[in-house]
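Asks: next input, structure requested:
(chains A and B)
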Protein chains: 2
Amino acid sequence: MRIGIYGYGNLGKGVELAARMYEDIELVGIFTRRDPSSVKPLTDARVYAAERLSEFKGEIDCLIVCGGSATDLPVITPMLARDFNLIDSFDTHKNIPTHFERVDAAAKAGGTLALISAGWDPGLFSLARLYAASILPNGKDYTFWGRGVSQGHSDAIRRIAGVVDARQYTVPIEEALCAVRAGENPELTTGQKHKRECYVVAEAGADLDRIATEIKTMPNYFADYETTVHFVSLDTLRREHSGMPHGGSVIRGGVTGLAGENRHTVEFSLKLDSNPEFTASVLVASARAVVRMRAEGRCGAISMFDIPPAMLSPMSREELLKKML
Amino acid sequence: MRIGIYGYGNLGKGVELAARMYEDIELVGIFTRRDPSSVKPLTDARVYAAERLSEFKGEIDCLIVCGGSATDLPVITPMLARDFNLIDSFDTHKNIPTHFERVDAAAKAGGTLALISAGWDPGLFSLARLYAASILPNGKDYTFWGRGVSQGHSDAIRRIAGVVDARQYTVPIEEALCAVRAGENPELTTGQKHKRECYVVAEAGADLDRIATEIKTMPNYFADYETTVHFVSLDTLRREHSGMPHGGSVIRGGVTGLAGENRHTVEFSLKLDSNPEFTASVLVASARAVVRMRAEGRCGAISMFDIPPAMLSPMSREELLKKML
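Replies: Numbering: from 1, shown residues only, chains lettered A, B, ... in the order given. The predicted structure is shown next:
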């Protein structure tokens, strides 16, 4: 199976590394909108200018599109879907139906198969919600994120005057998590589920109290949360907070029985050292499914909800029945 | 969607209750090999003699076969698959490939679709293993069961002379679970993962030391485990140990990165007040998928690995994209 990478940021690098983990996957090349000679891959992968992609039609079985959800993917996924089977990780939840429709139209016109919104949320977390809700209709869902770095919240802090750099961790509140795991199905506001830890590098002589107050009172981002602000040196930030860990839990508590007397808790959790590398691994496993489903004649847009799980695995049906079931 | 229940033990009762949770599911009847007048359903469901099942061909969209894996299902699932779409919960892991083949032949001959080995293990746990292994090929799997009642181990204790009744709980060892969750990927023997708690009612005047020793030294069942034996009264056993709780965790620790430097832990966990009721809920949600896949022309045997997750849900594609992805 031959894959290509379109866009070479953190996610693209993760795909490059993930592709090496499988014997049945070959990386044809990395396609970049920058000057290809300025791009240094982590491996011996070849790098091409994005304009040359059309030369590879028929030589790439599935393209992994690694771009941002805000302005990048809404444009490039439908464009590329006319010529290539592809996967993206579009993650603006409220715009998924619109994105799906646009990609579906393009893929149907091109006779390709396009998997959108793959990864872990949306992706594996969505699957966990779907399985649990289908099995326990009388219940309630909870999603906790973290402990992990939120790029959006880190960026919001960086925009404050006097801030050199910053890193924000979203942290689930232990008491809330315990109550949900115990099957208590509590009502929780968003601020009762998560707290926010900020590591901030300030300019020399900046008013730290003012910066801390601006962070803690920022609407939407921090005002509704228990927020702690730690001022650190640039060295410390780089040494201790340069990773991109993330994770979280999807938990559903539900009841069965003649009068709902039996409680059940279903939990799916992730603890990830590298958010982009794990997401990339999901995309690469999904490429196998896209190629197989296209070979069966499917075209248009799909989500991970449409993939028979067996299609993700390199194992044969016989091996799966013997070793995994 | 019209379902039928074949076999009315604890699992059949669970299916009867689960069927009431969905508006799109109608229970046609319970089919029993006992005298139907001796069977008292929990709801107003109709009870028929098993021999009358053939009268319902064309009136049942999916039959839920509730029997034991040792001698029951290997015979009745292939027999019933000639006439009905069906689901069973065959759980003797090592015999799954053979069972699959037999059911597949029968279902293909009859033009039906048969889902075997549905439930939570095999079933949801198998899915958790498959997703995690497909995404993190460089890793290691762990399955912990419990805290929960093991029928097989309880039965083994009951066979000891002087024992009136018994209940055995399989309990995961906390230290092992923590090491696995921490991503340490330890090597663990089966006895390092689980311990066994036994609640035993002895005959008046029985030699309790002898019974405890016979339990703790029983090969395969107890000898390799840390086993505790508590002697209790029949009243206590009935009052405090009559439930059928179970659960467990499937955990995979794996690495990504240029040199495997980033660790990831994927965990799927269940805490169930009633093992048979939860299993039944999985079977009923799966019936929806069986009927839909048959309508698309699929026949033969399948496992939960073959079901696109969207097929399990009562929601439309539009709702799924909007609410669940």
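
Asks: going by C-alpha atoms from here, please, whenever you check contacts or count neighbours.
Replies: Noted.

Asks: residue contacts, A:Pro122?
Replies: By CA atoms under 8 Å, 6 or more residues apart in numbering or on different chains, the residues touching A:Pro122 are A:89-91, A:93, B:325.

Asks: do the same with A:Ile60
Replies: Contacts of A:Ile60 (CA under 8 Å, 6+ apart): A:2-4, A:28, A:84.

Asks: from B:Leu258, how far off is it?
Replies: Using CA to CA, to the nearest Å, one gets 24 Å for the distance from A:Ile60 to B:Leu258.

Asks: now swap in A:Thr71 and tell me
Replies: 30 Å.

Asks: which of those two has more neighbours?
Replies: Ranked by neighbour count (other CA atoms under 10 Å in any protein chain shown), A:Thr71 and B:Leu258 place B:Leu258 first, with 15 against 9.

Asks: let me see the contact set for the residue nearest to A:Leu73 when sequence neighbours are not counted.
Replies: Of all residues not flanking A:Leu73 in the chain, A:Gly67 sits nearest, at 5.8 Å (CA to CA, 6 or more residues apart in numbering or on different chains). A:Gly67 makes contact with A:6-7, A:9, A:73, A:88 under the criterion CA under 8 Å, 6+ apart.

Asks: drop anything exposed from those.
Replies: Using 16 or more other CA atoms under 10 Å in any protein chain shown as the burial test, these include A:6-7, A:73, A:88 as buried.

Asks: residues contacting A:Tyr48?
Replies: Contacts of A:Tyr48 (CA under 8 Å, 6+ apart): A:29-32, A:36.

Asks: filter the residues you listed down to the ones in helices?
Replies: Among the contacts of A:Tyr48, no residue falls in helices (DSSP state H).

Asks: I'd like those as JSON lines, with pLDDT, distance to chain B and neighbour count appended.
Replies: As requested, the contacts of A:Tyr48 are exported to JSON lines (pLDDT from 0 to 100; distance: CA to the nearest CA, whole Å; neighbours: other CA atoms under 10 Å in any protein chain shown):
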{"residue": "A:Gly29", "pLDDT": "98", "distance to chain B": "17", "neighbour count": "21"}
{"residue": "A:Ile30", "pLDDT": "98", "distance to chain B": "17", "neighbour count": "27"}
{"residue": "A:Phe31", "pLDDT": "98", "distance to chain B": "20", "neighbour count": "24"}
{"residue": "A:Thr32", "pLDDT": "97", "distance to chain B": "21", "neighbour count": "22"}
{"residue": "A:Pro36", "pLDDT": "97", "distance to chain B": "21", "neighbour count": "15"}
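
Asks: reformat the buried ones among the contacts of A:Gly67 as JSON lines; add distance to A:Gln168.
Replies: Converted to JSON lines, the buried ones among the contacts of A:Gly67 look like this (distance: CA to CA, whole Å):
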{"residue": "A:Tyr6", "distance to A:Gln168": "28"}
{"residue": "A:Gly7", "distance to A:Gln168": "25"}
{"residue": "A:Leu73", "distance to A:Gln168": "25"}
{"residue": "A:Asp88", "distance to A:Gln168": "26"}
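
Asks: nearest to chain B, of those?
Replies: Using CA to the nearest CA, A:Asp88 comes nearest to chain B of the buried ones among the contacts of A:Gly67, at 13.8 Å.

Asks: show me the contacts for that closest one.
Replies: When the contact criterion is CA under 8 Å, 6+ apart, the partners of A:Asp88 are A:64-67, A:73, A:77, A:115-118, A:283.

Asks: among these, which are in helices?
Replies: Using DSSP H, the contacts of A:Asp88 in helices are A:73, A:77, A:283.

Asks: ok, the first one touching A:Ile87?
Replies: What that stands for is A:Leu73. No: with contact defined as CA atoms under 8 Å, A:Leu73 does not reach A:Ile87; the gap is 10.6 Å.

Asks: so what sits against both of the two?
Replies: Shared contacts of A:Leu73 and A:Ile87, counting by CA under 8 Å, 6+ apart, come down to A:Val65.

Asks: sec struct for A:Arg196, please.
Replies: Of the three states, A:Arg196 takes strand according to DSSP: H, G, I helix; E, B strand; the rest coil.

Asks: and the helices in the stretch 101-250 of chain A?
Replies: A:124-135, A:151-158, A:174-181, A:190-193, A:208-216, A:234-240 (DSSP state H, counting those that start in this stretch).

Asks: quick one: closest of the ones you listed to chain B.
Replies: Using CA to the nearest CA as the measure, helix A:124-135 is the one of the helices of the stretch 101-250 of chain A that comes nearest chain B, at 4.8 Å.

Asks: what does the closest one contact?
Replies: A:118, A:120, A:139, A:141, A:249-252, A:266-268, A:304-305, B:281-282, B:284-285, B:309-310, B:312-314, B:324-325.

Asks: okay, the angle between it and helix B:124-135?
Replies: Interaxial angle, helix A:124-135 versus helix B:124-135 (axes from the mean of the first three to the mean of the last three CA atoms, to 10 degrees): 160 degrees.

Asks: state the mean pLDDT of helix A:124-135.
Replies: Computed over helix A:124-135, the mean pLDDT rounds to 98.

Asks: now it - C-alpha only, CSV.
Replies: Coordinates of each C-alpha in helix A:124-135 appear next as CSV, following Å, rounded to 0.1, in the frame of the first residue of the first chain:
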residue,chain,number,x,y,z
LEU,A,124,-11.4,6.9,18.6
PHE,A,125,-13.3,9.0,21.2
SER,A,126,-16.2,9.2,18.8
LEU,A,127,-16.1,5.5,18.3
ALA,A,128,-16.1,5.0,22.1
ARG,A,129,-19.1,7.3,22.4
LEU,A,130,-20.9,5.5,19.6
TYR,A,131,-20.4,1.9,20.9
ALA,A,132,-21.3,2.8,24.5
ALA,A,133,-24.4,4.8,23.5
SER,A,134,-25.6,2.1,21.2
ILE,A,135,-25.3,-0.5,23.9
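
Asks: any idea how far that helix is from the chain center?
Replies: 16 Å (CA atoms, centre = their mean, to the nearest Å).

Asks: same deal with stretch A:243-257?
Replies: That offset, for stretch A:243-257, works out to 15 Å (CA atoms, centre = their mean).
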